[in-house]
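*Asks:* predicted model and sequence follow; I will ask about them next.
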Amino acid sequence: MLMPPYLRWEIPLLLRALSSLLYIADSPVTASKIAQASFSPQRHFNASSNGRLGNASSNGTYVPDLNLCPRLSPRKTPAKDVHDLRPDDFSVVMAIGDSMTAACFAEGYQFILPDSFAEWRGLSYAAGMDEGAITVPNLIRHYNSAIRGGSVGKNMLPEICMGGPICNPLGWNYRVDRFNAARSGAMAQNLLSEVRDYLVPALRRHDVTDDEFKYMNFQIGSNDLCQLCLASEVPKGPMPGSPDVFEADVMQTLEYLREHVSNVVVNMLGVFQVSEIYNMTKGHAEYCHSGVPYIPHYSIECSCAIADGPFGAWVRSEMDKLQQLYNKKLSKIVKRYQELNDPHFAVLWQPASIPLAKFPIEGLSNVDCFHPSTATHERIAAGVWNRLTLDATGRDVEFGWEEHPRLRCLEEADRLQTRVVWD
């Protein structure tokens, strides 16, 4: 029997909302856990707030290829601590997060069909180190060839971990992943496992020393929005997906990392406005169903974002409300660490000012029209890199879509601004 079209959208949404309520009794999250959380070269001069290069607060030289940059002189004195770092001081790159950090489906449909569903980790904006890829680790590597830890190649199947109960028992594949502990489907509650069960042991097995400076990309929240989109209605208390629980999960993870790994700078990206997937994909059925036309891609991965009509608009508004609450919690966490002023651990705040609805449809993988394509990974990598040493104003500039990403040349006086206290 065929189901009416509106029910095909609304029933999954209502079931997800109901499941989040039923999950409370079985959740490992407790009130005590929440309580613990309380703890050609182009020169630009002061670009306007709508500038694409994100250089709203300082001068800089931008090029299509870092090989065109002036030679960077070695530092005259070594960095004293994590508050005195230039990006080329990093010798290790790491990442935690979800399928975006794993570059799931990034290359789109492939001639060899199984390759379409791979995690293209070597192309990940956050952690990839495939030769020639535009990624943050490769941009650091331009200035420090000894950098290590970035992912290479691809995993033929995603390393899935969807919330608490559904995790791939095989864990991680170090040959590809290296120090990228992200798992496809991960939510905030999975971050501690990524650090405790994989990343920290991997660092020890591969002789990463305490005195090496380590860069970590941190990005989470998209799956929390997609699976628990009505949690904004219960902002307080131990309900899974609530802002309090989200904050507790992130804090627990960062504190475990701070306790077990020294000399780390965490670059924390804000939560994306995932609801914009609706506007971005609307009217692009041909692109989004180009490979397997009968698979209902959207409802599988983010049913909260794609319903039509007043009901869908309301649910997306709930997602946006939850996104804003999550970002308030994350910026609050960043402020805590900046006020703590630990010489061996710092956290930077990178607002996710990424207007997906303004991006071309090619910015999404045509496998599912949900995950970013390699082209978007390249542009986010360029945007993160260009903002890495900027102040709060520069970091808050919108990530625009440039036909050919331009990259900021490092300068001798550049330093990561770890002591900026964010409002």
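*Replies:* On my side now, so go ahead.

*Asks:* and residue 268, that's in a helix?
*Replies:* No - going by DSSP: H, G, I helix; E, B strand; the rest coil, the assignment for residue 268 is strand, not a helix.

*Asks:* I'd say it and residue 347 touch.
*Replies:* Yes - applying CB atoms under 8 Å, one finds residue 268 in contact with residue 347, separated by 5.7 Å. Backbone N, C-alpha and C define where each C-beta goes, glycine included.

*Asks:* look at those two and report which has more neighbours.
*Replies:* Legend: neighbour count by other CB atoms under 10 Å for residue 268 and residue 347, higher for residue 347 (25 against 22).

*Asks:* where do the contact lists of residue 268 and residue 347 overlap?
*Replies:* 333-334 (CB atoms under 8 Å, 6 or more residues apart in numbering).

*Asks:* residue 148 and residue 212: what is the separation?
*Replies:* As judged by CB to CB, to the nearest Å, residue 148 and residue 212 stand 9 Å apart.

*Asks:* higher neighbour count, these two?
*Replies:* Neighbour count, other CB under 10 Å: between residue 148 and residue 212, residue 212 has more, with 19 against 16.

*Asks:* check that one and give its pLDDT.
*Replies:* Residue 212 is assigned 98 on the pLDDT scale.

*Asks:* give me every residue that touches it.
*Replies:* By CB under 8 Å, 6+ apart, the contact set of residue 212 is 91-92, 263.

*Asks:* kindly report the same for residue 196.
*Replies:* residue 256.

*Asks:* 10 Å instead?
*Replies:* Residue 196 makes contact with 181, 252-253, 256-257, 260, according to CB atoms under 10 Å, 6 or more residues apart in numbering.

*Asks:* distance of it from residue 304?
*Replies:* When residue 196 is compared with residue 304 (using CB to CB), they lie 29 Å apart.

*Asks:* cool, residue 183 as well?
*Replies:* Look at residue 183 and residue 304: by CB to CB, they are 20 Å apart.

*Asks:* more crowded one of the two?
*Replies:* Higher neighbour count among residue 183 and residue 304: residue 183, with 30 against 26, using other CB under 10 Å.

*Asks:* now the helices for this protein?
*Replies:* For the chain, the helices defined by DSSP state H cover 5-22, 31-36, 136-143, 174-177, 191-193, 200-205, 222-227, 243-260, 277-281, 285-288, 297-301, 309-340, 374-387, 392-395.

*Asks:* relative to residue 65, which of the ones you listed is closest?
*Replies:* Shortest distance between residue 65 and those, using CB to CB, is found for helix 136-143: 9.4 Å.

*Asks:* extract the C-alpha set from the closest one and format it as CSV.
*Replies:* Provided in CSV are the C-alpha atoms of helix 136-143 (Å, rounded to 0.1, in the frame of the first residue of the first chain):
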residue,chain,number,x,y,z
VAL,A,136,44.4,22.4,6.6
PRO,A,137,47.1,19.8,7.3
ASN,A,138,48.5,20.2,3.8
LEU,A,139,48.6,24.0,4.1
ILE,A,140,50.5,23.6,7.4
ARG,A,141,52.8,21.1,5.6
HIS,A,142,53.7,23.7,3.1
TYR,A,143,55.5,25.5,5.9
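
*Asks:* among the contacts of residue 196, who's most crowded?
*Replies:* Neighbour counts for the contacts of residue 196 (other CB under 10 Å) peak at residue 181, which has 29 neighbours.

*Asks:* residues near residue 170, how many?
*Replies:* For residue 170, the tally of surrounding residues (other CB under 10 Å) stands at 9.

*Asks:* thought it was touching residue 159?
*Replies:* Yes - using CB atoms under 10 Å, residue 170 is in contact with residue 159, at 7.7 Å.

*Asks:* shared neighbours, residue 148 and residue 212?
*Replies:* Common contact partners of residue 148 and residue 212 (CB under 10 Å, 6+ apart): 91-92.

*Asks:* show me the shaky parts of the protein.
*Replies:* Along the chain, segments meeting pLDDT under 70 span 1-59, 164-165, 169, 235-237, 290-300, 421-423.

*Asks:* tell me which residue lies nearest the centroid of it.
*Replies:* Centroid-nearest residue in the chain, with CA atoms, centre = their mean: residue 219, separated by 3.0 Å.

*Asks:* and that residue, backbone torsions?
*Replies:* Main-chain dihedrals, residue 219, degrees, to the nearest 10: phi -150, psi 120.

*Asks:* that one and residue 372 touch, don't they?
*Replies:* No - between residue 219 and residue 372 there is no contact under CB under 10 Å: 11.3 Å.

*Asks:* quick check: neighbours shared by those two?
*Replies:* With CB under 10 Å, 6+ apart, residue 219 and residue 372 have common neighbours 100, 125, 272, 380.

*Asks:* if we can go back for a sec, quick one: closest of the helices of the chain to residue 62.
*Replies:* Of the helices of the chain, the one closest to residue 62 (CB to CB) turns out to be helix 374-387, at 7.4 Å.

*Asks:* same for that closest one, what does it pack against?
*Replies:* Here helix 374-387 touches strand 60-63, helix 136-143, strand 264-269, strand 345-350, helix 392-395, strand 407-408, going by 3 or more CB pairs under 10 Å, 6 or more residues apart in numbering; DSSP states H and E.
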